[in-house]
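Novice: Provided below for reference: sequence and predicted model.
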Amino acid sequence: MSQKGLVIKEKIVSESPRDHLIRKERFPHIWCPGCGLGTVLKCYVEAIAASSIPEDKHVVISGIGCTGRIAGYVRLDSYHVTHGRPIAFAEGMKIVRPDLEVTVISGDGDLVTIGGNHFIHAIRRNVDINVFLVNNFIYGMTGNQMGSTTPLGAKSSTSPYGCPEPPFNLPLLAAALGAPFVARWTTLHTRQLAEAMKKAFQVKGFALIEIISPCPVGFGSYNELREGKDYIKLFLENCIVDHSADLNKAAISLRPGEPIILGNFIQREMPSYHDFELEVFKKAGWLK
Amino acid sequence: MSLKIIREPINKYIQKIPLGLIHVIPERCKECGYCIDLCPKDVLTVSEERNIKGYRWPKIADGKASECIACRMCEWICPEFAIFVVEADRREYE
Amino acid sequence: MSSELRLLKPGTYFMMGNIACAEAALIAGCEFYAGYPITPSNEIAEHMSRRMPQLGRHFIQMEDEIGSIVAVLGASAAGVKAMTATSGPGFSLMMETIGLSAMLELPCVIIDVQRAGPSTGIPTFVGQGDVMQARWGSHGDYELVVYAPSAVQEFFDLTIEAFNTSEWLRIPVVVLSDEVVGHMYGRLVVPEYDKIKIVNRKRYNGPKDQYLPYSCEALVPPFVAAGDGYRIHMTGLTHDERGYPSLEIEDSHKLIDRLVMKVRKNSKHLWKYETLYADDADVVVVTFGITARSTEEAVKRARAEGLKVGMIKLLTLWPFPEDPVKIASQYARRLLVAEINMGQLIHPVREVAECPVAGINYPVGYAPPPEYILDGIRAAV
């Protein structure tokens, strides 16, 4: 049907094409304007829509904090557990149900600060889960306290003189522990992020994606990044995509002239926990 | 600051440029501005109206009615699932 | 198929308490075990690490006790029976997650082989200092069930009962054993399997659009597992019937009321206890666990001396078996509470007793000899 001569206007609607994968009755969500978490959710939903794994087989597990709320917005089997523990919960679930595609989406404070022990051991075991770690450099939900990912010198409500500690270099940590898939993207790199998520679903073993996400209301208000557009500028000017980067240099300082290195850094095949367990079943006489 | 196209493709004049029809869910918008700032064709601006929470949602700026090329940057970046693009055949409109 | 690849056959055995517990869990249908080494519960994990893979079930040694119980809940959310075993310090680490188990209504079984505390205490020696922690250790309002065995056979029976109760009520259930019961060898009779009651959680398989994961229609809502296609949401936040976080007073009241009432209203079905000479006794000793073994001997000697003494051995500690203790207190002149701590179970006894209550407390580390309890009885008579 020809629409010639018609002035195109934006169309006001009430549903989006991906609404079947979100709990739309809970929208708008609780995250602040400019927060990157909605974009992470969007990328995850797109990755699921594009993946060949049935939606009913996807499970999301979150911990506590702003990112922890993601489990409550995605229309999949979703579990919102205690602070720092989603990886341990995911391990228990994946071990008894290897057919499920178990994904942990949680924050930096949750997964590598209070939950750091589970993080390193899950990678060491190479349990076949995906961990999408959203790093906003701060504890947002509790009022913008510093954490183990806050860059040295960055201000927060508990580091008024600047964060006195150096942060984790997460890709280096995960690579050193032997993770078969390690990537880092920002919420500005939406398509690359969704592609990495799709790859993570395919990976046999532990897949880590560190997602750098804006927090203009929290971290930003202490560090001259008060608007979403300040973060866009930061990402556009400082991000370098280098899939074969030297991860020793991948720490994030947020200082001028020191880039945020992005990419799908590690992609390798190795036996997962499931393979190790099958060996045990054989030795125990259960499997031939 | 926007993602401007700086490279001109050699087949620019024979290529069919897609047309995007922009759809908005005003009640979900929180006026973060990502869709407006990141549109490579500067198609969007803020509406005059406000939603129930007081935010102004995106609308097509004056004179930009057929500028959308359906790159979906706004759709992907929107943290609120509040905007999406449906691709149409440009020939039917021009 | 070698006999090792099956469940423990019906018959009579001479077995260690901790191993009887592990075999009971296998019979109860435990599909997942996660634990962290800690004395004096280790034999359970060691035995499970050998036996679970023989049956195609899952054993994992986690990085700590927090990870252990959280992994247990993850497995439970996937629809299988799961357990962990620990002792005092590890039990302390598990407290937050016991609250999560209660809130998400994910069944799990926790074996606490009590040792002397506080802190590291004497890891290889006995204690009964976790009575109050087992009940009140996690923050907020919730109820759970705590069983306390005093013999190998009871450890076996109560472990199966713990799985049954946790599946029935969708709650965490603790088996509060102790170092002596865990390490003692004793007689174990495994009944014919068809004589062993096994309970599995009630599953929902109705229409997907009508499922309310936390429906208040019944005290215990039917369960769906991850991957069942119901797109369930579970959260530790106070939630409504859909499982979504809620700040509404009505949702909070309904939820907390149900979490508490599903245990309280079934208390009488959950109480397990045994009495000895309690009908005509002037003095009744209320006790549990290994202390009950010493007490039994002390009560028998007291009777031989002509003292009118009886005892109540509690096999359920929580919900506290109020009725038997209350009735005993209406006939007796005095109740005594014998325990290896400085006075814990004495508090709920006092709460319901209608006669004076005194404690026979024995410092942690050692099981009280019968003479010690007998001295306490003589002093009370």
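Specialist: That came in fine, so what should we check first?
Novice: just give me the neighbour total for the closest residue to chain A within chain B.
Specialist: Closest to chain A within chain B is residue B:79: 2.4 Å, counting by CB to the nearest CB. (Each C-beta comes from the backbone N, C-alpha and C, glycine too.) Per other CB atoms under 10 Å in any protein chain shown, the neighbour tally for residue B:79 reads 27.
Novice: and what of residue A:14?
Specialist: Residue A:14 is flanked by 11 other residues according to other CB under 10 Å.
Novice: just the one 10 residues further on next, same as before
Specialist: As a burial measure, the neighbour count of residue A:24 was computed by other CB under 10 Å and equals 17.
Novice: what do you get for the one 3 residues further on?
Specialist: Residues lying near residue A:27 (other CB under 10 Å) number 17.
Novice: what sits closest to it if chain neighbours are left out?
Specialist: residue B:28 (5.5 Å; CB to CB, 6 or more residues apart in numbering or on different chains).
Novice: contact partners for that neighbour?
Specialist: Shown in contact with residue B:28 (CB atoms under 8 Å, 6 or more residues apart in numbering or on different chains): A:27, A:28, B:80, B:81, B:82.
Novice: can you tell me which of the residues you listed is nearest chain C?
Specialist: Closest to chain C out of the contacts of residue B:28 is residue A:27 (12.1 Å), distances taken as CB to the nearest CB.
Novice: for that closest one, give its distance to residue B:59.
Specialist: Residue A:27 sits 20 Å away from residue B:59, going by CB to CB, to the nearest Å.
Novice: same deal with residue C:121?
Specialist: Distance from residue C:121 to residue B:59, by CB to CB: 69 Å.
Novice: higher neighbour count, these two?
Specialist: Remark: of residue C:121 and residue B:59, residue B:59 carries more neighbours, 21 against 18, as counted by other CB under 10 Å.
Novice: pLDDT wise, what is the more buried one at?
Specialist: Predicted confidence (pLDDT) at residue B:59: the value is 96.
Novice: how about the secondary structure of it?
Specialist: The local conformation at residue B:59, judged by DSSP: H, G, I helix; E, B strand; the rest coil, is strand.
Novice: got a list of what it touches?
Specialist: Shown in contact with residue B:59 (CB under 8 Å, 6+ apart): A:9, A:10, B:24, B:44, B:45, B:46, B:47.
Novice: looking at it, the third one is touching residue B:81, isn't it?
Specialist: No. With contacts counted by CB atoms under 8 Å, residue B:24 stays clear of residue B:81, the gap being 11.1 Å.
Novice: dump the residue contacts of residue A:81.
Specialist: Taking CB under 8 Å, 6+ apart, one finds A:61, A:62, A:63, A:89, C:70, C:73, C:100, C:104, C:236 in contact with residue A:81.
Novice: for these, give me TSV that also has distance to residue C:360 and neighbour count.
Specialist: TSV is the format used below for those (distance: CB to CB, whole Å; neighbours: other CB atoms under 10 Å in any protein chain shown):
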residue	distance to residue C:360	neighbour count
A:61	48	32
A:62	49	29
A:63	46	29
A:89	43	35
C:70	38	32
C:73	38	30
C:100	37	25
C:104	40	25
C:236	40	23
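Novice: in helices, which of those residues fall?
Specialist: A:89, C:70, C:73, C:100, C:104 (DSSP state H).
Novice: shouldn't residue C:60 be within a strand?
Specialist: Yes. Under the criterion used here (three-state DSSP), residue C:60 sits inside a strand.
Novice: which positions within stretch B:20-38 qualify as buried?
Specialist: Across stretch B:20-38, burial judged by 16 or more other CB atoms under 10 Å in any protein chain shown covers B:20-38.
Novice: no wait, stretch C:158-174
Specialist: So, applying 16+ other CB under 10 Å, buried residues of stretch C:158-174: C:158-174.
Novice: and residue 78, how many neighbours?
Specialist: No chain was given, so I picked chain A. Residues near residue A:78, counting by other CB under 10 Å, number 25.
Novice: switch to chain B, that's the one I care about
Specialist: Residue B:78 sits with 27 neighbouring residues when counted by other CB under 10 Å.
Novice: can you classify the closest residue to it other than its chain neighbours as helix, strand or coil?
Specialist: Nearest non-adjacent residue to residue B:78, counting by CB to CB, 6+ apart: residue B:35, 5.7 Å away. At residue B:35, secondary structure determined by three-state DSSP is helix.
Novice: phi first, then psi, for the single nearest residue of the stretch 51-200 of chain A relative to chain B.
Specialist: Closest approach between the stretch 51-200 of chain A and chain B, counting by CB to the nearest CB: residue A:190, at 3.9 Å. When quoted as degrees, to the nearest 10, the phi and psi of residue A:190 stand at phi -60, psi -50.
Novice: over to residue A:273?
Specialist: The phi/psi pair for residue A:273 (degrees, to the nearest 10) reads phi -60, psi -40.
Novice: check what pLDDT it gets.
Specialist: What the model reports for residue A:273 is a pLDDT of 98.
Novice: what's around residue 17, how many residues?
Specialist: Just so you know, I chose chain A. Residue A:17 has 14 neighbours, counted by other CB under 10 Å.
Novice: my bad, the chain I had in mind was chain B
Specialist: Considering only other CB under 10 Å, residue B:17 is surrounded by 11 other residues.
Novice: SS state for the nearest residue to it once chain neighbours are set aside?
Specialist: Closest residue to residue B:17 apart from its sequence neighbours, by CB to CB, 6+ apart: residue B:69 at 5.6 Å. Put simply, residue B:69 is coil when judged by three-state DSSP.
Novice: sorry, back to before: tell me which of the contacts of residue B:59 fall in helices.
Specialist: Using DSSP H, none of these sit in helices.
Novice: filter these down to the buried ones, PyMOL style.
Specialist: Of the contacts of residue B:59, the buried ones go into a single PyMOL selection, burial set by 16+ other CB under 10 Å:
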select buried, (chain A and resi 10) or (chain B and resi 24+44+46+47)
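Novice: list the contacts of the residue in chain C positioned nearest to chain A.
Specialist: Chain A sits closest to residue C:74 of chain C, with a gap of 2.8 Å, by CB to the nearest CB. The neighbourhood of residue C:74, defined by CB under 8 Å, 6+ apart, consists of A:61, A:79, A:88, A:89, A:90, A:91, A:92, A:93, A:94.
Novice: if any of those residues are buried, put those into a PyMOL selection.
Specialist: Only the buried members of those enter the following PyMOL selection, criterion being 16+ other CB under 10 Å:
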select buried, chain A and resi 61+79+88+89+90+91+92+93+94
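Novice: any idea which of the contacts of residue C:74 is closest to residue C:343?
Specialist: Nearest to residue C:343 among the contacts of residue C:74, counting by CB to CB, is residue A:88 at 35.6 Å.
Novice: test my guess that the closest one contacts residue C:70.
Specialist: Yes. Contact criterion CB under 8 Å: residue A:88 and residue C:70 qualify, at 3.8 Å.
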